[in-house]
Structure formats: structure tokens, C-alpha cells
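Trainee: predicted model and sequence follow; I will ask about them next.
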Amino acid sequence: MKYLLIFGLIMAMFSSCCDKSQEINTLTKEEKADGWQLLFDGKTSDGWRNYGKTTFPNGWEITEDGTIHCPGSGRGEAGGKDRGDILYGDKMFGNFHLKLEWKISKGGNSGIFYLGQENDSLDYIWKTAPEMQVLDNINHPDANAGIAGNRQAGSLYDLYPAVPQNAKPVGEWNQVEIKVYKGAVWHIQNGETVVEYHLWTPEWNDLVAGSKFPALNPAWADVASEGYIGLQDHGDDVWFRNIKIKEL
């Protein structure tokens with residue numbers, strides 16, 4: 001019995017010292033040394049604001065469990081008072097590696113924008129920025145719209161479908177990454193590269209020309225080489241956390 005107790009104590013100590021789980025919204029020593037920075041501290045909205053404004057909207061909230069939460073409005077993208085898309089306004093990024101996690105509600109829709117611009121003549125960030133789609137693929141009708149699944153989670157919205165389609169279901173956290181380097185772009189969803197493309201090429205221009213975007217902004221294909229990271233208010237409950245970036 002004595003040896004069993006000692007063995008159990010040793011195993012418990014081993015398990016404790018080898019627990020490498022990382023707290024949410026933090027950086028490891030290795031990440032800090034490698035140049036990563038947090039865009040969300042898990043406690044405040046510092047650095048974040050409404051698109052086209054200077055303040056963080058009351059329609060969004062920072063939750064006690066360390067997420068940025070957009071509560072559902074019940075009105076879809078029509079939204080409501082003091083809402084709208086948000087962006088990290090402290091800095092624009094050009095070549096970067098972005099990581100974050102998202103969780104969607106049943107029938108929910110949202111998005112992650114990058115290389116976004118603020119323009120007095122354009123009222124939404126999506127009129128200037130590529131979007132990595134965030135979606136409940138099972139219950140939201142947009143999952144079956146577009147072409148070949150290019151409006152499903154992880155896709156470059158309305159342009160390139162996420163292949164393979166590996167989004168986790170409602171209520172589960174999805175780990176995603178976006179890499180941008182000199183116009184080359186990768187979407188990584190739950191550990192797999194699901195989209196890869198290059199901005200500003202003839203193929204890119206042809207693809208955009210056949211989409212809905214030119215009608216919204218004739219210059220949409222000419223995506224900027226540097227811009228803002230943004231999160232979409234589509235009127236549905238969505239949560240984000242572990243938002244971090246490394247400049248390349």
C-alpha cells in the first residue's frame with residue numbers, strides 16, 4: 001500500500017509539472033520571443049473600436065470568461081442601435097500571421113476582415129477588405145448560396161471556398177489563422193490550409209469581376225497592401241478570443 005501511495009504521489013507531481021495548457025488570451029515566453037503580440041487582453045476592449053468611429057460600441061461586450069462577444073440583435077445584418085463592425089485600430093498590418101478562435105451561435109453569421117480600409121465614402125469595412133467567413137454551416141441559409149461552398153466557414157467570402165470544409169459545429173471553438181505575405185494569402189482552419197490565393201493577379205481580377213463586389217465598390221479588387229483587422233457584426237451571437245498577430 002505504501003508503494004502505491006508513493007507511486008500515486010509521483011504521478012500526480014509529474015502530471016502537474018508537465019501540464020502545458022496555456023491560459024486564454026496570453027502569450028507564451030516562446031511566442032513573445034518570436035515577435036507575437038496580443039490584440040485582445042481578455043479583459044478590456046483596449047485597441048478596438050467601431051469602424052469609422054473612435055469608441056468601442058455598447059452593442060458589443062467583453063465577457064467574464066475572456067471573449068469579445070457580439071450579442072444577437074434578432075434583426076440579422078439590419079442590426080440595431082450602437083452596433084456595427086469593429087476593428088483593431090491601434091495599427092494597420094501588411095505582412096502578418098494572425099491567429100484567433102471563434103464560436104458561433106445556431107444559425108449565426110460573422111466574419112474576420114483583413115487589409116481593411118476606412119473611407120468616408122464607404123460605410124462598411126467589407127466594401128474594402130477580404131473576409132474569412134464565420135458561419136454555422138448547418139443552419140444558416142448562406143451556406144448553400146454562392147458557388148461551390150464559397151460562403152461557408154473558412155472561405156474567402158463569395159470568392160474561394162474552404163477545402164476541405166472542416167468547421168466545428170455550433171458552440172465549439174474553431175481555431176483559425178490568416179497569413180498574408182506580399183499578396184499571397186492563406187486561410188488555415190482547425191489546423192488545415194483551406195484557402196490559398198494571391199491578390200492583384202489577373203486570376204484575382206477576373207474572379208472579383210464576376211462577383212458581387214464591383215457593384216458595391218468598383219475598386220474592390222485593388223485591395224490595399226496594408227490595412228486593419230476587423231470583426232463583423234452580422235446581427236448574430238458570435239464570440240472571439242485568443243487574438244494574436246506576428247508581423248512578417
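Mentor: Perfect, thanks for sending it. Remember, predicted model here, so these are calculated numbers, not experimental data.
Trainee: lowest-confidence helix or strand of the chain?
Mentor: Lowest by mean pLDDT, DSSP states H and E among the helices and strands of the chain is helix 2-17, with a mean of 45.
Trainee: can you classify the most centrally placed residue in the chain by secondary structure?
Mentor: By C-alpha atoms, centre = their mean, the chain has its centre lying nearest to I112, at 3.8 Å. For I112, the assignment made with DSSP: H, G, I helix; E, B strand; the rest coil gives strand.
Trainee: give me every residue that touches it.
Mentor: 98, 100, 102, 131-132, 134, 176, 178, 229-232 (C-beta atoms under 8 Å, 6 or more residues apart in numbering). For every residue, glycine as well, the C-beta is placed using N, CA and C.
Trainee: just the buried ones among those residues, please.
Mentor: Buried positions within these, assessed by neighbour count (16 or more other C-beta atoms under 10 Å), are 98, 100, 102, 131-132, 134, 176, 178, 229-232.
Trainee: how many residues are close by the residue lying closest to D123 once chain neighbours are set aside?
Mentor: Closest residue to D123 apart from its sequence neighbours, by C-beta to C-beta, 6 or more residues apart in numbering: G52 at 7.3 Å. Using other C-beta atoms under 10 Å, G52 has 15 neighbouring residues.
Trainee: in the helix or strand containing L207, what counts as buried?
Mentor: Using DSSP states H and E, L207 sits in helix 202-209. Going by neighbour count (16+ other C-beta under 10 Å), the buried part of helix 202-209 is 204, 207-208.
Trainee: report the distance from that helix to the chain centre.
Mentor: 24 Å (C-alpha atoms, centre = their mean, to the nearest Å).
Trainee: could you do stretch 22-39 as well?
Mentor: Counting by C-alpha atoms, centre = their mean, stretch 22-39 comes out at 17 Å from the chain centroid.
Trainee: rounded mean pLDDT for it, please.
Mentor: In this model, stretch 22-39 has a mean pLDDT of 97.
Trainee: give me the buried positions along that stretch.
Mentor: Using 16+ other C-beta under 10 Å as the test for burial, stretch 22-39 gives 25, 27, 31, 36, 38-39.
Trainee: tell me which of those fall in strands.
Mentor: Within these, residues falling in strands by DSSP state E are 36, 38.
Trainee: mind putting the buried residues of stretch 22-39 in a markdown table, distance to G149 included?
Mentor: Formatted as a markdown table, those follow (distance: C-beta to C-beta, whole Å):
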| residue | distance to G149 |
| --- | --- |
| N25 | 31 |
| L27 | 34 |
| E31 | 33 |
| W36 | 31 |
| L38 | 32 |
| L39 | 29 |
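Trainee: which member of the buried residues of stretch 22-39 is positioned nearest Y197?
Mentor: The shortest gap between Y197 and any of these belongs to L39, at 23.7 Å (C-beta to C-beta).
Trainee: ok, P169 touching N139?
Mentor: No: counting by C-beta atoms under 8 Å, P169 sits too far from N139 to count as a contact (9.7 Å).
Trainee: T193: how many residues sit nearby?
Mentor: Neighbour tally, T193, other C-beta under 10 Å: 15.
Trainee: ok, now which ones touch F40?
Mentor: 25, 47-48, 68, 240-243.
Trainee: pLDDT score for G74?
Mentor: Reported pLDDT for G74: 76.
Trainee: and the gap between the residue nearest to it when sequence neighbours are not counted and G76?
Mentor: Closest residue to G74 apart from its sequence neighbours, by C-beta to C-beta, 6+ apart: G235 at 7.4 Å. Per C-beta to C-beta, to the nearest Å, G235 is found 4 Å from G76.
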